[in-house]
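Provided below are the primary sequence and the corresponding predicted coordinates.
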Amino acid sequence: VFGKMVEETEGSWGLVLVYLLTAAGAAAAAFWLQPAVVRGAVTVSLGASGAIFGLFAVSVLTRLSWDPRKLLEGLILGNFVVRQVLQEAQAQAAGGLSIGGLQVAHIAHLGGALAGVLLVWLLSKLPDPDAKASS
């Protein structure tokens, strides 16, 4: 669902780039902020969930506009995304969650979401090519 929403606003290549960049942000957060050894075992982070959190953030932030329909979509989706991010932060602060002996990489989820926010912010700072064409 969130990938489709990003694809609608950013196109197919935009979706691929958003996915890869937020995955890289999630991996970097896990690498730098997650302890390398937990209870005597080396930790390894893998999976796509950090990139999915990045797609969450980008899909909501690109929907925020003065168009009432898009604004309503952004608010509804934003409520879901904010709740998910807060749950991840709470779980990380509480020491994490283990499932079947495996630790969930909450920090990677938060890193992916932050990478999505930073990506949208950075792109918003670029000049609008449509504005130059019309002037």
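Structure's in. What do you need? Numbering: from 1, shown residues only.

which of the helices or strands spans Ile8?
For the record, residue 8 is Glu, not Ile. Using DSSP states H and E, the secondary-structure element containing Glu8 is helix 2-33.

and that helix, what other elements does it pack with?
Counting contacts by 3 or more Cβ pairs under 8 Å, 6 or more residues apart in numbering; DSSP states H and E, helix 2-33 packs against helix 49-61, helix 106-124. To be clear about C-beta, it is placed using only N, CA and C from the backbone, and glycine gets the same treatment.

flag every buried residue along the helix or strand that the shortest one is followed by.
Put plainly, it is helix 49-61. Counting by DSSP H and E, the next helix or strand C-terminal to helix 49-61 is helix 68-93. The neighbour-count check on helix 68-93 (16 or more other Cβ atoms under 10 Å) flags 73-74, 77-78, 81, 84-85, 88, 91-92 as buried.

now those as JSON lines including pLDDT and distance to Gly11?
As requested, the buried residues of helix 68-93 are arranged in JSON lines below (pLDDT from 0 to 100; distance: Cβ to Cβ, whole Å):
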{"residue": "Glu73", "pLDDT": "78", "distance to Gly11": "18"}
{"residue": "Gly74", "pLDDT": "77", "distance to Gly11": "19"}
{"residue": "Leu77", "pLDDT": "79", "distance to Gly11": "19"}
{"residue": "Gly78", "pLDDT": "81", "distance to Gly11": "22"}
{"residue": "Val81", "pLDDT": "81", "distance to Gly11": "21"}
{"residue": "Gln84", "pLDDT": "84", "distance to Gly11": "25"}
{"residue": "Val85", "pLDDT": "83", "distance to Gly11": "26"}
{"residue": "Glu88", "pLDDT": "81", "distance to Gly11": "28"}
{"residue": "Ala91", "pLDDT": "79", "distance to Gly11": "34"}
{"residue": "Gln92", "pLDDT": "76", "distance to Gly11": "33"}
